[in-house]
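K.L.:
Return a 3D structure for these sequence lines:
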Amino acid sequence: MQYTKINNLLGWVCFLIAAITYTLTLEPTTSFWDTGEFIASAYKLQVVHQPGAPLFIMIAKVFSLLASDKSQVAFWMNMSSALASAATILFLFWTITALARKVMVKTGEEVTKTQLITIMGSGIVGALAYTFSDTFWFSAVEAEVYALSSLCTAIVFWAILKWDQHASDTDADKWLIFIAYIMGLSIGVHLLNLLAIPAIALVYYFRRNAKPTASGTLWALFIGVIILGIIQYGIILYVVKLAAYIDLFFVNTLGLGFGSGVIVFGAIIIGGLAYGILYSIRNLKPILNLALICTTFILLGYSSYAMIVIRAKADPTLNNNDPDNVFSLLSYLSREQYGDRPLLYGQYYDSQRVDYKENGNIYRKGDEKYEIAGKKYEYVYDRNTLLPRMYSDDASHVGFYREWMKLSESEPPTFAHNLGFLFSYQTGFMYARYFLWNFAGRQNDDQGHGNNTSGNWISGIKPLDAWHLGSQDNLPPSIKENNGYNRLYFLPLILGLIGAFWHFKRNQKDAGVVGLLFFFTGMAIVLYLNQNPLQPRERDYAYAGSFYAFTIWIGLGVAAIAEILRQKVSASTAGIVATVAGLLAAPVIMAKENWNDHDRSDKTTARDFAIDYLESCAPNAILFTYGDNDTYPLWYVQEVEGIRPDVRVVNLSLLGTDWYIRQMKEKVNEAEALPITMPNNKFVMGVRDVIRYYDYKVEGAVELKTVFDVLTSDDESDKVPMQDGSKDNILPTKNFKITIDPNQVLTNKTVTANQAANVASSLEWTYNKDYVSKAELAMLDILAHNNWKRPIYFAVTVPADNYIGLQKYLYNEGFAYRLLPLKPALPDSTATGGREDELINTSAMYNNMVNKFKWGNIKNASYLDPESTRMIAIIIKSFNQLAENLLKEGKTEEARKVMLKSQEVIPDKNYLYYFILHRYYTADLLYQVKETARANKLVENTATYILAELNYMAGLSTQGSNDLQIGAQVYNELVKTTEKHGQLALSQKLKNQFKPIESRLIGGMQ
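P.N.:
As a prediction, the model looks like this:
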């Protein structure tokens, strides 16, 4: 009884420590990536991206009700992750103490005081180590699915140990049913929790067999994997797929309404399970009974997905994939939007497509029946391999594959190269590196792609770090001043290895179970994800379950050390000393090193930058965005905080889907429908997916409305025959124009009176692609039929390729480029260095950047994540361009205010090396507006930073010469700038400082 009370009490103490930690470091509003979408969707119970997270959305909605006003909604949804993470720590503590007790205390014996100290010490050290681990902490302070998913994993692993403890009781199997229900619920959060099933199968086998064998263990493992597959594919996908095809039969063949087959199928499932359970009871078949009841509870948990269909039918603002029928739900669950990749057998990156195989029909919901939207095809390649790891034919990926594996342009990859990439990159760089971040140390928080200065693991032990990264002497500011520079000296790793060794030695079965959990949530994910290189962000969050398993061994390391110390001191003293040593070696040092790069409590960049995107736009504007980080935060501020709901945000990555185009044709909040004239049947799935370009030698530019009419015409004379005998629309010319009525654009204030003389008679441009996808087709429809009634903008983060050739008519107004009907003005050809000239609408941009924009506390925030720092580079550039254009216009005082504003809001710290490309430009502008003291200070700080970086890079034999050249060139520009503005003493000082390193740089750049 005393053990239970203390175990419960200390578990809740760990919960409290974790909860306080995560609350203190919680992001106060939305953050980048998926969080903005999740918060916006949860607030109004909307539909998020595939494959959905309905249970997470509903729980977050409950937490949002605690908010006192709309600005607090994000905080409370973030708090749901913080508390879920703290609860994960609670169950981890109880898991560790249960495993330690099984080793240290024989069945039927009472726990002694000395054993109690060691067991509790193990639980505290292991639980708090995970509390302060890099990956888990990051997910704990934002409204993302991974915190709640980790809690589900922690609960089911703890629950199987509770079953193990009570397996001889007559009602012990209630724990297995509980596990099944939690797993069913977890499907509505994330599928990572299912990876605990093989470990659970082993616990069951070991407990039910007094003398387990090697073959029996392998069979249990095999059955566990089969159960995992049955749930992931059989229940999650094929139940829905079977329902879809039964509904197809009922609707298309029997003529009944949509959903009639689903109702019948549901009744069959319920009836079948009920009959099977009754049959198993009457015929005394306990295994069958348990299996059927567990299946029932998994389906009951899985039923959270009913929320997706119900809300999709309500047609909310955010309705990703519009899964309002069973076929669209199947596509949603299958993640068809993201494509597929080979796993066990497939092509190399240089394999050639020689044929294709038809794999069935693609169905969509029609007006009265399901219609065939197209065919599913699978390409046949000339060369294939087992375990294809280097399979992507994307040009950037191919270049990376060759560089990483040291393959020449003419050298084809082999199976050995595939394995080499699996072990060196996918396992070593994209898993082991993350593992060592958590338990050895981290170089910085820059995203790593294989170079020596970004995102690597370190330990803080110079000889070991130098072994894989080069010299660790004279580390530059980009490393040692980065908040992510965390040195753990391998101490948590060593403690975990000691614990693992001790666990395998003392209880091989339980250690094998933990090891299996470690493998399936680590290496098995590596094999399953089969990641391409050049990921848009670090992917360590995918392996949090593996790190969870390892912290169990960190906790058991305390028990191992206590056992060693008992040979020298008393058992009580050994337990206390081992616990203190364990705390210092793991949680304490991890908390100390990781706190400053996980404290997001004073950062509001994602929200404020989202506001700035919207505030860049004139009323009732159309704003084209592209990725997660220039879309999801905007959804958040519009849907939750109600900021600028008049702006229609159009994500170009989604605009290529029929469901998204349909939604764009409807009014949302205060934003009117887009001027898309196409009826839905002209762009449904399978119709005009891709329109190819055929040069018809059309002279001159063609009116865009005419081109659009040809693209969407159903007249056979406007189509050309394809190889399969069908006829498709084509793009006959790339030269477009939009005729402009000057009076109209003046009347509706598209242009100001000051710009009237510069209004063009027409916009003429060359389309920049050899095809028109649905996204471009919708854009052309908007451009052709908007008639300048609504302002059109592109976010500054949209890749230039998506401007469809309109660059010479796009004017920067802050965080967005506005399409203006002005005569093309060529950029200043005299600009050099970092001066990437753009067209600037100075009056609008000045008002936005000086008076309207919010800056997310970037100047004083204790921590800025990499996404925020990348935006700072854009902000610096924008301030510089605005000031330069104001100076060209003779507006010196306004230019001075712009530069003073930039100094007020932009941090002095160089978060990224490439900040230097803009710093000398800033200094030059400060000199021009007579802010000499500020310019001199910036020059000196930048020069000091560059010298430190160059001094380090010159000593790295593997560092490319490009960064060295950039640094040297920018330093030279600083010298020239100071000379030009009469700062001769400072210029000479810079020259003198550069001389000692000059000879080293010449060798490094050759």
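
K.L.:
Could you use CA atoms for every contact and neighbour count after this?
P.N.:
Fine.

K.L.:
For the stretch 451-600 of the chain, just list every one of the strands.
P.N.:
486-487 (DSSP state E, counting those that start in this stretch).

K.L.:
Helices of that one, start to end?
P.N.:
Counting by DSSP state H, counting those that start in this stretch, the stretch 451-600 of the chain has helices at residues 462-469, 477-480, 491-506, 508-520, 523-529, 544-565, 571-583, 589-594.

K.L.:
taking the mean pLDDT, what do you get for the helix or strand just after the last one?
P.N.:
Sequence order places helix 605-615 as the next helix or strand after helix 589-594, per DSSP states H and E. In this model, helix 605-615 has an average pLDDT of 96.

K.L.:
helices or strands up against helix 605-615?
P.N.:
helix 632-639 (3 or more Cα pairs under 8 Å, 6 or more residues apart in numbering; DSSP states H and E).

K.L.:
which residue ranges form the helices in the stretch 251-400 of the chain?
P.N.:
With DSSP H, counting those that start in this stretch applied, the stretch 251-400 of the chain shows helices at 260-282, 286-302, 306-313, 326-333, 395-405, listed in chain order.

K.L.:
Return the most buried member of the ones you listed.
P.N.:
Among the helices of the stretch 251-400 of the chain, helix 326-333 has the highest mean neighbour count (mean count of other Cα atoms under 10 Å), at a mean of 21.

K.L.:
Let me know the angle separating it from helix 306-313.
P.N.:
Angular relation of helix 326-333 and helix 306-313 on a 0 to 180 degree scale: 120 degrees, by axes from the mean of the first three to the mean of the last three Cα atoms, to 10 degrees.

K.L.:
wait, isn't residue 426 in contact with residue 534?
P.N.:
No: the criterion here is Cα atoms under 8 Å, and residue 426 misses it with residue 534 at 11.5 Å.

K.L.:
Comparing the two, which residue is more hemmed in?
P.N.:
residue 426 (23 against 14; other Cα atoms under 10 Å).

K.L.:
ok, now which ones touch residue 782?
P.N.:
674, 675, 676 (Cα atoms under 8 Å, 6 or more residues apart in numbering).

K.L.:
ok, now residue 249?
P.N.:
residue 261.

K.L.:
what do you get for the one 3 residues further on?
P.N.:
If you count contacts by Cα under 8 Å, 6+ apart, residue 252 has them with 369, 370.

K.L.:
before we move on, the earlier item: including mean neighbour count and distance to residue 448, could the helices of the stretch 451-600 of the chain go into JSON lines?
P.N.:
Listed next are the helices of the stretch 451-600 of the chain as JSON lines, based on neighbours: other Cα atoms under 10 Å; distance: least, Cα to Cα, whole Å:
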{"stretch": "helix 462-469", "mean neighbour count": "15", "distance to residue 448": "13"}
{"stretch": "helix 477-480", "mean neighbour count": "19", "distance to residue 448": "13"}
{"stretch": "helix 491-506", "mean neighbour count": "21", "distance to residue 448": "22"}
{"stretch": "helix 508-520", "mean neighbour count": "21", "distance to residue 448": "24"}
{"stretch": "helix 523-529", "mean neighbour count": "16", "distance to residue 448": "17"}
{"stretch": "helix 544-565", "mean neighbour count": "28", "distance to residue 448": "19"}
{"stretch": "helix 571-583", "mean neighbour count": "21", "distance to residue 448": "30"}
{"stretch": "helix 589-594", "mean neighbour count": "21", "distance to residue 448": "18"}
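
K.L.:
could you dump the ones you listed to a markdown table with distance to residue 989?
P.N.:
Below are the helices of the stretch 451-600 of the chain laid out as a markdown table (distance: least, Cα to Cα, whole Å):
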| stretch | distance to residue 989 |
| --- | --- |
| helix 462-469 | 32 |
| helix 477-480 | 21 |
| helix 491-506 | 44 |
| helix 508-520 | 56 |
| helix 523-529 | 52 |
| helix 544-565 | 50 |
| helix 571-583 | 50 |
| helix 589-594 | 37 |
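
K.L.:
Out of the ones you listed, which gets nearest to residue 335?
P.N.:
helix 523-529 (13.4 Å; Cα to Cα).

K.L.:
any low-confidence regions in the chain?
P.N.:
The chain contains residues with pLDDT under 70 at 1, 724-725, 826-837, 957-961, 1002-1006.

K.L.:
Could you identify the longest helix within it?
P.N.:
Using DSSP state H, we find that the single longest helix of the chain is helix 73-104.

K.L.:
That one to helix 508-520, inter-axis angle?
P.N.:
150 degrees.

K.L.:
Helix 73-104 packs against which elements?
P.N.:
Against helix 73-104 (3+ Cα pairs under 8 Å, 6+ apart) you get helix 2-24, helix 35-43, helix 54-64, helix 113-131, helix 134-140, helix 145-165, helix 544-565.

K.L.:
Nearest to residue 655 among those would be which one?
P.N.:
Ranking those by proximity to residue 655 (Cα to Cα) places helix 35-43 first, at 16.7 Å.

K.L.:
Show residues contacting that closest one.
P.N.:
Helix 35-43 is contacted from outside by 30, 46-48, 57-58, 60-61, 64, 73-74, 77, 142-144, 318, 632-636, 639-640, using Cα under 8 Å, 6+ apart.

K.L.:
Now for residue 717, how many residues are close by?
P.N.:
For residue 717, using other Cα under 10 Å, the count is 10.

K.L.:
Assign it to helix, strand or coil.
P.N.:
Under DSSP: H, G, I helix; E, B strand; the rest coil, residue 717 falls in the helix class.

K.L.:
Distance of it relative to residue 688?
P.N.:
As judged by Cα to Cα, to the nearest Å, residue 717 and residue 688 stand 16 Å apart.

K.L.:
Equivalent analysis for residue 902, please.
P.N.:
For residue 902, the distance to residue 688 - Cα to Cα - is 47 Å.

K.L.:
Check residue 583 too.
P.N.:
Shown here: residue 583 relative to residue 688, a distance of 62 Å by Cα to Cα.

K.L.:
I'd say residue 293 and residue 277 touch.
P.N.:
Yes: assessed by Cα under 8 Å, residue 293 is found in contact with residue 277 at 7.0 Å.

K.L.:
Quick check: residue 716 touching residue 730?
P.N.:
No: counting by Cα under 8 Å, residue 716 stays clear of residue 730, with 11.4 Å between them.

K.L.:
more neighbours, these two?
P.N.:
Per other Cα under 10 Å, whichever of residue 716 and residue 730 has more neighbours is residue 730, with 23 against 11.

K.L.:
May I have the secondary structure class of that one?
P.N.:
When classified by three-state DSSP, residue 730 comes out as strand.

K.L.:
which residues touch residue 639?
P.N.:
Per Cα under 8 Å, 6+ apart, neighbours of residue 639: 40, 43, 645.
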